[in-house]
Structures are given as structure tokens and as C-alpha cells.
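[1] sequence first, then the predicted structure, then my questions.
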Amino acid sequence: MGLVCSNREEMQKMKNLGSIGSSGRLSAEECEDEEISKLAISAFQSKEEEIERKKMEVREKVELQLGRAEEETRRLAHIWEELEVLDDPMRKEVAMVRKKIDLANKDLKPLGLNYQKKEKEYKEALEAFNEKNKEKAHLVATLVEMLTESERLRMKKLEELCKTIESMSLKP
């Protein structure tokens, strides 16, 4: 509505310019109309300036948001790159460790079998050792008994011989 009024006022202003009298002066009504049209033009220009200012503000906000979005995109891209770099060495290291574990298992298998064989031999040798040790202890005990019996028998024989000698010496 303001634009319609403004356009009418501008037309009126043009008519007034054409109807300036011989004296070159404008009538009071014409001055008032001119004043109104100046005010309308001024209002229109201030509205235009306000619209342009708001447009610039919105543009600045959009540019700011775009700048933030671009910065976020750069940060996310950087994080993504770090994740990819971080992911690859871990997989390689895990694969390498798994290979080492597999090699260790291959080495452990024959060693385990060898250990079991040696442990079995050890147990058999220990059992044989313990058997021989028992046999030796039994033989030592038997020897001690025999020697004790032999000494007892010899002592008995010596006593008998001593008695015989004494009885012979008592008989003159």
C-alpha cells in the first residue's frame, strides 16, 4: 500500500512541475505534496536500506555458518584420516603377532611331545632307581643281620673255646 501511495505522489509531483506558474513558485498545496513525496521517498529509501542491511546480516550469518561447517568438515576429515592410519597398523601388528603365535605353537608341539617322552623316561628311571634302592636297603639289612648273626655265632664259639681251655687248664 505504501508503494501505491508513493507512486501516486510521484505522479502528482511531476504534474506539479509542469504546472508551475509564471511566477515560478509552487502553491502551498504543491509544497505540501512535494514534502509528502520527499517523505515517502525517504521512507522508501530507509526501508530499502533496512532490507539491504538485514540481507547483509543474513549473508554474514550464512557465511559464518558455512565457515563453521567447512571447519567441522576439515576436522572430521582429519579425524577420519587418523582413524584409517590407526586402523591399518593395528591390523598389521595383530596379524604379525598371530603369525608369531602360530610359529610358537608349531615349535611347542614337538617340544611338548619330547617333554612328555622325557618325563615318561624320567618316571621309569625314577621307579627303577627306587626299586634298586629298596633292593639295596633290603640287602644291606640282610647283610647287617648276617653279620650280627655271624658275630654272635663266633662269639658263642669263642666262649665255648674259652670254656674248653679253662676246663683244660683246671685239670692238671
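    Right, received. Where do you want to start?
[2] now the helix or strand that contains E70: how far from the chain's centre is it?
    If you go by DSSP states H and E, E70 is part of helix 28-170. Centre-to-centre, helix 28-170 and its host chain are 14 Å apart (Cα atoms, centre = their mean, to the nearest Å).
[3] name the helix or strand of the protein that has the lowest mean pLDDT.
    Every helix and strand in the chain was compared by mean pLDDT, DSSP states H and E; the lowest is helix 2-18, with a mean of 52.
[4] any regions of the protein where pLDDT drops low?
    Residues of the chain meeting the criterion pLDDT under 70: 1-26, 87-89, 172.
[5] please name every helix or strand in contact with the helix holding E70.
    If you count contacts as 3 or more Cβ pairs under 8 Å, 6 or more residues apart in numbering; DSSP states H and E, helix 28-170 packs onto helix 2-18. In short, each C-beta sits where N, CA and C put it, glycine included.
[6] count of neighbours near A43?
    The local packing of A43 (other Cβ atoms under 10 Å) involves 13 other residues.
[7] make 30 the starting number, not 1.
    Shifting the count to begin at 30 puts that one at A72.
[8] what about it, distance to G141?
    Separation of A72 from G141 (Cβ to Cβ, to the nearest Å) stands at 100 Å.
[9] how much space between A133 and V114?
    Here A133 is placed at a distance of 29 Å from V114 (Cβ to Cβ).
[10] now K84
    For K84 relative to V114 (Cβ to Cβ), the value is 45 Å.
[11] what does K152 give?
    K152 is 56 Å from V114, where distance means Cβ to Cβ.
[12] with E174 instead?
    Plainly put, E174 is 86 Å away from V114 if you go by Cβ to Cβ.
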